[in-house]
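*Asks:* Here is my input; please provide its structure:
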Amino acid sequence: MDARSWKHAAGAWLKSLCFALLIATGIQVFLVQPFVVPTSSMAKTIKPGDYILVSKLHYGPRTPQSVGLPFLDLYVPGVHLPSARLPGLAESERGDVVVFHYPPEKKPIDQKTAYVKRLVGLPGDTVEVQNGRAVVNGKPLTAVPTVQQQWDVHLKDPRMRLLPNHLRPLGIRTARPTSDPNRRLVTATSEAADALASYSFVQSVELSASTSPAKQPTFPANSDFTRDEYGPVPVPRKNQTVRLTDSTWSLYKKVIRQYEGHSAERVESGGFRIDGQRNRRYTFEQDYFFVMGDNLDNSLDSRFWGYVPEDHLNGEAVFTLFSWDREQNVFRMGRTLQGLE
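*Replies:* As a prediction, this is how the structure comes out:
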């Protein structure tokens, strides 16, 4: 092959590569995006090692804020574009499994770490957690069958043991000992807990509620909320006007400053200053959401860092493409092309 033919072939190959990268970027930005789940916060709905497909079409794709190749995590530094959400196929609903960009990070939105949780509180809702169970607008949420919580298992005889052959058929990994020889702690679904309670050597199985402060500070800062006794906390909605007080300031100051881009401060003489103007009221510019993991006792979610702004929503998780068990180094064949609920 002479030099001219080689250059022609190299040019054609480069054009094909650029076209393929452009198509791949367009698909990921505007249609669907694969996402690997690294943690157990959504077990058993989604397991660590699951490769899930995220639909951008459900809530509407957002135009890019950064210039680069998102699937390679390569971006042009210092270049930021105005971004807008295009029309979607559906409105977000309570109970949706969503992928979003982790709000507390100080980066352009589309470069923030992707998280997956379940929508619990919609704009305008009031969210609580009572004895480890989510309550929205005063009504307990119907428990998703795959939601896991921590349970106290009381044995009739301290000499009895919860063996792997008792636990594995129920999808329970381990039973942790406590200072009480008759008591064990397990993480399980409600269905598994009911099955465990039917064992002849088990006296009772009850939700294990934490009454001590969480190891991770809860939202808002300096509250006395715990992981299992939380709220009530209102979820802001677009165009809602709220009164700024000492009690609401801790809820909304990050929203006003970080997510809506205004300067905001409390003044010594009382009251508040927004963009240099004294003001005791604020009107939200976008919707916000409250999310929680299905593994309620092992999930870093809105209870700890606050709201998810609407512009941080990436899409709805629709199904598992395939799953790789990192501990066993094998494919989980039963989780291939499995829908999510």
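
*Asks:* so what's the backbone phi/psi at the residue nearest to Ala264 when sequence neighbours are not counted?
*Replies:* Excluding its sequence neighbours, the residue lying closest to Ala264 (Cβ to Cβ, 6 or more residues apart in numbering) is Ile256, at 4.3 Å. For the C-beta atoms, the positions are set from N, CA and C on the backbone; glycine is no exception. Phi and psi for Ile256, reported as degrees, to the nearest 10, are phi -70, psi -40.

*Asks:* Give me the neighbour count for Thr320.
*Replies:* Close neighbours of Thr320, defined as other Cβ atoms under 10 Å, add up to 22.

*Asks:* Let me know the secondary structure of it.
*Replies:* strand (DSSP: H, G, I helix; E, B strand; the rest coil).

*Asks:* Bridged to it, which residues?
*Replies:* Following DSSP bridges, Thr320 is listed with bridge partners Ile52, Gln338.

*Asks:* I'd say it and Val36 touch.
*Replies:* No - with contact defined as Cβ atoms under 8 Å, Thr320 does not count as touching Val36 (10.6 Å).

*Asks:* close enough to count as contact, Val291 and Val120?
*Replies:* Yes - judged on Cβ under 8 Å, Val291 makes contact with Val120 at a distance of 6.2 Å.

*Asks:* hey, what's in contact with both of these two?
*Replies:* Shared contacts of Val291 and Val120, defined by Cβ atoms under 8 Å, 6 or more residues apart in numbering, comprise Ser302.

*Asks:* is it true that Leu167 lies in a strand?
*Replies:* No - Leu167 sits outside any strand when classified using three-state DSSP, being helix.

*Asks:* Give me the pLDDT for the nearest residue to it once chain neighbours are set aside.
*Replies:* Computed as Cβ to Cβ, 6+ apart, the closest residue to Leu167 that is not its neighbour in sequence is Ala175, at 6.4 Å. With respect to pLDDT, Ala175 has a value of 81.

*Asks:* who touches Ala175 in this structure?
*Replies:* 153, 162, 167, 184-186.

*Asks:* Show me which pair in those residues is furthest apart.
*Replies:* Leu167 and Leu185 (12.2 Å; Cβ to Cβ).

*Asks:* Can you give me the domain boundaries for the chain?
*Replies:* 29-132+288-341, 148-207, 241-283 (automatic domain parsing).

*Asks:* circling back: backbone phi and psi for the residue nearest to Leu167, please?
*Replies:* phi -120, psi 120.

*Asks:* Can you show me the helices along the stretch 151-300 of the chain?
*Replies:* 164-167, 190-197, 246-254 (DSSP state H, counting those that start in this stretch).

*Asks:* Can you list the low-confidence ranges for the stretch 201-341 of the chain?
*Replies:* For the stretch 201-341 of the chain, residues meeting the criterion pLDDT under 70 lie at 209-215, 322, 324, 326-331, 333-334, 336-341.

*Asks:* Kindly recompute the last result at 80.
*Replies:* 207-216, 268-270, 295-298, 319-341 (pLDDT under 80).

*Asks:* Now distance to Arg227 too, for the domains of the chain, in a markdown table please.
*Replies:* Listed next are the domains of the chain as a markdown table, based on distance: least, Cβ to Cβ, whole Å:
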| stretch | distance to Arg227 |
| --- | --- |
| domain 29-132+288-341 | 7 |
| domain 148-207 | 10 |
| domain 241-283 | 18 |
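
*Asks:* which one of those lies closest to Ser223?
*Replies:* Of all those, domain 241-283 comes closest under Cβ to Cβ, at 7.4 Å.

*Asks:* first vs last residue of the closest one, how far apart are they?
*Replies:* 4 Å (Cα to Cα, to the nearest Å).

*Asks:* Spatially, and excluding backbone neighbours, which residue is closest to the residue most central in space within the chain.
*Replies:* By Cα atoms, centre = their mean, the mean C-alpha position of the chain lies nearest to Lys117, the distance being 2.8 Å. In this structure, Lys117 finds its nearest non-sequential neighbour in Val291, 3.8 Å apart by Cβ to Cβ, 6+ apart.

*Asks:* That neighbour: neighbour count?
*Replies:* Other residues close to Val291 by other Cβ under 10 Å number 23.

*Asks:* re earlier: roughly how far apart are the residue nearest to Leu167 and Arg184?
*Replies:* 4 Å (Cβ to Cβ, to the nearest Å).

*Asks:* ditto for Val202
*Replies:* From Val202 over to Arg184 (counting by Cβ to Cβ), the distance is 9 Å.

*Asks:* now Pro177
*Replies:* Pro177 sits 6 Å away from Arg184, going by Cβ to Cβ.
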